[in-house]
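Chemist: sharing a sequence plus its predicted fold:
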Amino acid sequence: MDIKFNKNEDHNKLLASSLRDKLVKVSLGGGKKKIEKHHSKGKMTARERIDFLLDDPKKAIEIGAFAGEGMYEEYGGCPSGGVVVKIGHVSGKQVIVVANDATVKAGAWFPITGKKNLRAQEISIENKLPIIYLVDSAGVFLPLQDEIFPDKEHFGRIFRNNAIMSSMGITQIAAVMGSCVAGGAYLPIMSDEALIVDKTGSIFLAGSYLVKAAIGESIDNETLGGATTHCEISGVTDYKAEDDKDALTKIQNIVDKIGDFDQAGYNRKKPVKPKENQDDIFGLLPAKRSDQYDMMPIIERLVDDSEFEEYKAGFGQTLITGYARIDGWAVGIVANQRKLVKTKKGEMQFGGVIYSDSADKATRFIANCNQKKIPLVFLQDVTGFMVGSKSEHGGIIKDGAKMVSAVSNSVVPKFTIVIGNSYGAGNYAMCGKAYDPRLIAAWPSAELAVMSGSSAAKVLLQIETSRLKAKGEKITEKKEKELFDKIKNNYDEQTSPYYAASRLWTDAVINPLDTRKWISTGIEVANHAPIEKDFNLGVIQT
């Protein structure tokens, strides 16, 4: 291996190591002291509950681990958005599990908590995937109630989704394992079946203090809304559990009896590991986001037996399209080619840029995958569409619109992995979050923004210096550099994959070596939902 490979490898392995450290930190939720206090009540933590429930926790994937990262610092932070969401198997059935983390502000709902719960329900609805709620929450975080309570995509949408999911026949099981207060009390009861843990679980619209203040009645919380009350008097819950493990075992027994689902029928054969060494990815991916490189060797380290059947290999070469298998599943891959390519006409095209011919090729390939019922995988490292008079006269906007239309109207499941750059309209054409990928994850090397930090800083610097000069300030070369560095540093922070993940623009930041696992899990999830409509591009400019 050459020196450049080794330098890339060192850089990318450090990023992967940093990712592991960050995941360890967020897995502690509210911290070790809060966990100890939680245990002293005879309760398991959210992550312990999920691990006990799942058949094999190591095979599960986590959605939104970095939700809330760097947010709400004035309130002490909100690790993982105060709720843990994982996709895994329970009694052999694939499910999505949503567990409140009561070590984070007693499981109170921050705005990002609501957004993350809605994302979990979206995955369940889109894929007709059974969902299990492990409830332990003090309700809405009151200081931020205006950002979580009244709008369409806020707290109330969750109960609306409960009702819609029930009508769709999607199994919903809820276990009340701690507090379940006020509006939050509706979630478990709008589920198909509800369990409650004796002595630690409670459900009521208003707690004993509020009842005393409102109507003058003196009553303790256990009598008001404990397990005995709701299992033997009100009939609100269906099962009483002795403790957390008993409740989780009962859920396993219930899931064990669920019948088979109608499959979408995506093609799968026996999985084969890539022939090429997957660890090479760390050396092949450049440390600098502006460097050109060949995407094909990376694809060969992601697909089964390193076999890839390229579609239109000699045409539109800044996009790679073709068929492969990932963990046995047939997939159609659309990937940005990041090396400088030379066309048959002798023209040079920049890697990572989408040209008219590339967009045209991708549109046709996406249509073919929809006709053949093959899931699509987008590997993003894109700087945008080509600009300039030649591209504009050649109809780049028209060709780009065709590609965006094909991505938008695709009926087969789509999965997006942000490997490197994800800039501007390139993010859209390559199936960014706005285009409904079933799952979207980023490598630690990813950057998501309108444009690169350097480009944006140059534009913003011009605006800022003009403003200061208009006020009569003299801008020296030193002052200009200080302004540039400040603007770039602020902008670079916002392009970080962790910044995107904290706001759920992506579902996760993942180690590149977990990419096959994520895509395979996603297709298995999508296989629960047969395609119900035909692919139609609608009206497009030709």
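Modeler: Sure thing, it's come through. Worth saying up front: this structure is predicted, and the values here are computed from it rather than measured.

Chemist: which parts of the lowest-mean-pLDDT helix or strand in the chain are buried?
Modeler: For the chain, counting by mean pLDDT, DSSP states H and E, helix 389-393 ranks last in confidence among helices and strands (a mean of 76). For helix 389-393, the neighbour count (16 or more other C-beta atoms under 10 Å) marks residue 391 as buried. (Glycine included, C-beta is placed from N, CA and C.)

Chemist: and after that helix, which helix or strand comes next?
Modeler: Next helix or strand after helix 389-393 toward the C-terminus (DSSP states H and E): helix 396-409.

Chemist: go through that following helix and flag the buried ones.
Modeler: In helix 396-409, counting by 16+ other C-beta under 10 Å, buried: 396, 399-407, 409.

Chemist: residue 442: which of the residues you listed is nearest?
Modeler: Comparing these against residue 442 with C-beta to C-beta places residue 407 closest, at 18.1 Å.

Chemist: quick one: that closest one from residue 164, how far?
Modeler: 26 Å (C-beta to C-beta, to the nearest Å).

Chemist: just residue 466 next, same as before
Modeler: For residue 466, the distance to residue 164 equals 51 Å [C-beta to C-beta].

Chemist: tell me which of these two has more neighbours.
Modeler: residue 164 (13 against 10; other C-beta atoms under 10 Å).

Chemist: that one reaches residue 124, doesn't it?
Modeler: No - using C-beta atoms under 8 Å, residue 164 is not in contact with residue 124, being 10.4 Å away.

Chemist: can you pull the contacts of residue 56?
Modeler: By C-beta atoms under 8 Å, 6 or more residues apart in numbering, the residues touching residue 56 are 88-89.

Chemist: closest to residue 437 out of the buried residues of helix 396-409?
Modeler: The shortest approach to residue 437 among these belongs to residue 407, at 9.4 Å (C-beta to C-beta).

Chemist: backbone dihedrals for residue 428, both of them.
Modeler: The phi/psi pair for residue 428 (degrees, to the nearest 10) reads phi -70, psi -50.

Chemist: what of residue 191?
Modeler: Main-chain torsions, residue 191, degrees, to the nearest 10: phi -80, psi 170.

Chemist: count the neighbours of it for me.
Modeler: Residue 191, neighbours per other C-beta under 10 Å, totals 22.

Chemist: residue 135 is in contact with that one, correct?
Modeler: No - counting by C-beta under 8 Å, residue 191 stays clear of residue 135, with 9.5 Å between them.

Chemist: okay, and the common contacts of the two?
Modeler: Shared contacts of residue 191 and residue 135, defined by C-beta under 8 Å, 6+ apart, are found at residue 174.

Chemist: quick revisit: just put the buried residues of helix 396-409 in TSV and tack on distance to residue 13 and pLDDT.
Modeler: TSV is the format used below for these (distance: C-beta to C-beta, whole Å; pLDDT from 0 to 100):
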residue	distance to residue 13	pLDDT
396	38	85
399	39	87
400	36	90
401	40	92
402	40	93
403	34	95
404	36	95
405	40	95
406	37	95
407	33	97
409	40	96
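
Chemist: turn those residues into JSON lines, columns for distance to residue 248.
Modeler: Formatted as JSON lines, the buried residues of helix 396-409 follow (distance: C-beta to C-beta, whole Å):
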{"residue": "396", "distance to residue 248": "55"}
{"residue": "399", "distance to residue 248": "53"}
{"residue": "400", "distance to residue 248": "50"}
{"residue": "401", "distance to residue 248": "50"}
{"residue": "402", "distance to residue 248": "50"}
{"residue": "403", "distance to residue 248": "46"}
{"residue": "404", "distance to residue 248": "44"}
{"residue": "405", "distance to residue 248": "46"}
{"residue": "406", "distance to residue 248": "44"}
{"residue": "407", "distance to residue 248": "40"}
{"residue": "409", "distance to residue 248": "42"}
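
Chemist: report the two of those residues separated the most.
Modeler: Spatial extent of these (C-beta to C-beta) is set by the pair 396 and 409 at 20.4 Å.

Chemist: now the nearest residue to residue 188 once chain neighbours are set aside, which residues is it bridged with?
Modeler: Ranked by C-beta to C-beta, 6 or more residues apart in numbering and with sequence neighbours excluded, the top spatial neighbour of residue 188 is residue 174, at 3.5 Å. Bridge pairing for residue 174 (DSSP bridges) gives the partners residue 133, residue 194.

Chemist: can you pull out the strands in the stretch 401-542 of the chain?
Modeler: Taking DSSP state E, counting those that start in this stretch, the strands of the stretch 401-542 of the chain run over residues 414-423, 439-442, 447-449, 508-509.

Chemist: each with direction, which strands does the last one pair with?
Modeler: Which is strand 508-509. Paired neighbours of strand 508-509 in the sheet (DSSP bridges): strand 439-442 (parallel).

Chemist: please report phi then psi for residue 93.
Modeler: Taking degrees, to the nearest 10, you get phi -100, psi 140 for the backbone angles of residue 93.

Chemist: so how far is residue 224 from it?
Modeler: Relative to residue 224, residue 93 is positioned 35 Å away (C-beta to C-beta).

Chemist: now do residue 514
Modeler: From residue 514 across to residue 224, the span is 45 Å (C-beta to C-beta).

Chemist: contacts for the strand or helix carrying residue 15, please.
Modeler: Taking DSSP H and E as the criterion, the element that holds residue 15 is helix 3-27. If you take C-beta under 8 Å, 6+ apart as the criterion, helix 3-27 is touched by 1, 47, 65-66, 69, 79-80, 281-287, 443-445, 498, 509-512.

Chemist: buried sites along the next helix or strand after it?
Modeler: Sequence-wise, the next helix or strand downstream of helix 3-27 (DSSP H and E) is helix 32-40. Using 16+ other C-beta under 10 Å as the test for burial, helix 32-40 gives 34-35, 38.

Chemist: quick one, strands of the stretch 51-200 of the chain?
Modeler: Under DSSP E, counting those that start in this stretch, the stretch 51-200 of the chain gives strands at 61-63, 83-90, 93-100, 131-137, 172-181, 193-197.

Chemist: now the angle from the last one to strand 131-137?
Modeler: In other words, strand 193-197. Put simply, strand 193-197 runs at 40 degrees to strand 131-137, going by axes from the mean of the first three to the mean of the last three C-alpha atoms, to 10 degrees.

Chemist: so strand 193-197 versus strand 172-181, what angle?
Modeler: Angular relation of strand 193-197 and strand 172-181 on a 0 to 180 degree scale: 40 degrees, by the same axes, to 10 degrees.

Chemist: and the contacts of strand 193-197?
Modeler: Residues from elsewhere that reach strand 193-197 (C-beta under 8 Å, 6+ apart): 173-178, 188, 202-203, 226-227, 230-231, 236-244, 246-247, 250-251, 254.
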